[in-house]
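**Student:** show me the folded form of this:
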Amino acid sequence: MNKFFVILAALFVILACEDVIEVDVPKDTTRLSIDALIRLNTDSQTTRLQVRANETTSFFEEIGPALLNRIQIVVTSTNTIIDLVEEPLGSGIYVADWSTEELIEGELLLTLDYNNEQYEARNTFVPTVPFDALRQGEGTLFSGDETEIIVSYTDDPDRIDFYLFDFDFNEFLVSEDTFYQGQAFEFSYFYEDGLKPGKELTISIMGVNEGFYNYMNQLIVQSGGDQGPFQTPAATVKGNIINTTAPNNFALGYFAISQEFIDTIIIE
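**Tutor:** Residues are numbered from 1 along each chain as shown. Alright, predicted model coming up:
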């Protein structure tokens, strides 16, 4: 009875208010957003290059595909030009198939034309190491409903490595080998909502450079760990895609070429 009275009183207060409050919705400049993480399987002779172009709009509006006038990847050591085409039309997804071997050697230059402005980004291939093992653990964190996945791999002793892990469901994690260079390393990752038995997970490990590591780390911190690298972040995080026509109107996103190893695990 008391609860019912409180609800009626609250409704009376709401209905009695006659003043209209106008809230100014924050707006941001429309920007181009580019998903240009190229994942390479070095055992494959060809790689499907895929770049997703979106347009970010004002605060509460959705992101739609961006129509590019031109998009190319240039192998700078040979001046080879790879033209990407939109497939399917209107999707904002631009693709091409190319020799994996050519993509590994030397610098790659991404160039594109959007709204009569020129954008570019440069990067080189970054190798990584495969998983030693993926297994399901029995640990939990707070609610007791989490699912633990234990990841094991062995770091390369001859280089400084930065890693990007894709845990499916648009969940990512980064790591650097500062404290375990050249050693076998193991850590646990927890899915907060838990996973049903029989669910198959596809998990990958990618090599990234320090710039992309720092970029991803900022996005993960902002989003609480559940945001992909090319969704609109809570605050603008600048990647490596430069607008050479109007420098202040830079694109969101990042251009990177990463070796990737993929493994799967079925939840018990």
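
**Student:** and the longest strand seen in the chain, how far out from the chain's middle?
**Tutor:** Secondary structure of the chain per DSSP state E: the longest strand is strand 252-266. Between the centre of strand 252-266 and the centre of its chain there are 9 Å (C-alpha atoms, centre = their mean, to the nearest Å).

**Student:** over to stretch 104-111?
**Tutor:** With C-alpha atoms, centre = their mean, you get 20 Å for stretch 104-111.

**Student:** now that stretch - C-alpha only, PDB.
**Tutor:** Presented in PDB, the C-alpha positions along stretch 104-111 are these (Å, rounded to 0.1, in the frame of the first residue of the first chain):
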ATOM      1  CA  ILE A 104      54.500  -8.600 -45.600                       C
ATOM      2  CA  GLU A 105      57.500  -6.800 -47.100                       C
ATOM      3  CA  GLY A 106      58.000  -3.100 -46.600                       C
ATOM      4  CA  GLU A 107      55.700  -0.200 -46.000                       C
ATOM      5  CA  LEU A 108      52.000  -0.100 -47.100                       C
ATOM      6  CA  LEU A 109      50.300   3.200 -47.800                       C
ATOM      7  CA  LEU A 110      46.500   3.500 -47.500                       C
ATOM      8  CA  THR A 111      45.100   6.400 -49.500                       C
END
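
**Student:** where does the protein dip in pLDDT?
**Tutor:** For the chain, the stretches with pLDDT under 70 are 1-29, 57-62, 224-236.

**Student:** tell me where it has helices.
**Tutor:** Counting by DSSP state H, the chain has helices at residues 2-16, 100-104, 210-223.

**Student:** hmm, back to that, other SSEs contacting the longest strand of the chain?
**Tutor:** Counting contacts by 3 or more C-beta pairs under 8 Å, 6 or more residues apart in numbering; DSSP states H and E, strand 252-266 packs against strand 31-40, strand 107-114, strand 117-126, strand 131-136, strand 200-208, helix 210-223. The C-beta positions use only the backbone N, C-alpha and C, and glycine is treated the same way.

**Student:** could you check the angle that strand makes with strand 200-208?
**Tutor:** Orientation check (axes from the mean of the first three to the mean of the last three C-alpha atoms, to 10 degrees): strand 252-266 against strand 200-208 gives 140 degrees.

**Student:** buried residues in strand 252-266, which are they?
**Tutor:** Residues of strand 252-266 classed as buried by neighbour count (16 or more other C-beta atoms under 10 Å): Leu252, Gly253, Tyr254, Phe255, Ala256, Ile257, Ser258, Gln259, Glu260, Phe261, Ile265.

**Student:** for the residue lying closest to the first one once chain neighbours are set aside, give me its contacts.
**Tutor:** Leaving aside its sequence neighbours, Leu252 sits nearest to Ser33 (C-beta to C-beta, 6 or more residues apart in numbering; 4.3 Å). Residues counted as contacts of Ser33 (C-beta atoms under 8 Å, 6 or more residues apart in numbering) are Ala53, Asn54, Glu55, Thr56, Ile63, Ala66, Phe230, Thr232, Ala251, Leu252, Gly253.

**Student:** and Ser33, how far from Glu260?
**Tutor:** Distance, Ser33 to Glu260, using C-beta to C-beta, to the nearest Å: 22 Å.

**Student:** and if you look at Ala251?
**Tutor:** Separation of Ala251 from Glu260 (C-beta to C-beta): 23 Å.

**Student:** again, but for Pro88
**Tutor:** 25 Å.

**Student:** TSV please, covering the helices and strands packed on strand 252-266 and showing distance to Trp98.
**Tutor:** Shown next, in TSV, are the helices and strands packed on strand 252-266 (distance: least, C-beta to C-beta, whole Å):
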stretch	distance to Trp98
strand 31-40	10
strand 107-114	10
strand 117-126	13
strand 131-136	26
strand 200-208	19
helix 210-223	21
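
**Student:** which of these sits most buried?
**Tutor:** strand 31-40 (a mean of 22; mean count of other C-beta atoms under 10 Å).

**Student:** neighbouring strands for that one, and are they parallel or not?
**Tutor:** According to DSSP bridges, strand 31-40 has the following sheet partners: strand 46-56 (antiparallel), strand 252-266 (parallel).

**Student:** want to try TSV for those strands, with distance to Gly144 as columns?
**Tutor:** Below are the strands paired with strand 31-40 laid out as TSV (distance: least, C-beta to C-beta, whole Å):
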stretch	distance to Gly144
strand 46-56	37
strand 252-266	21
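
**Student:** thank you kindly, that will do.
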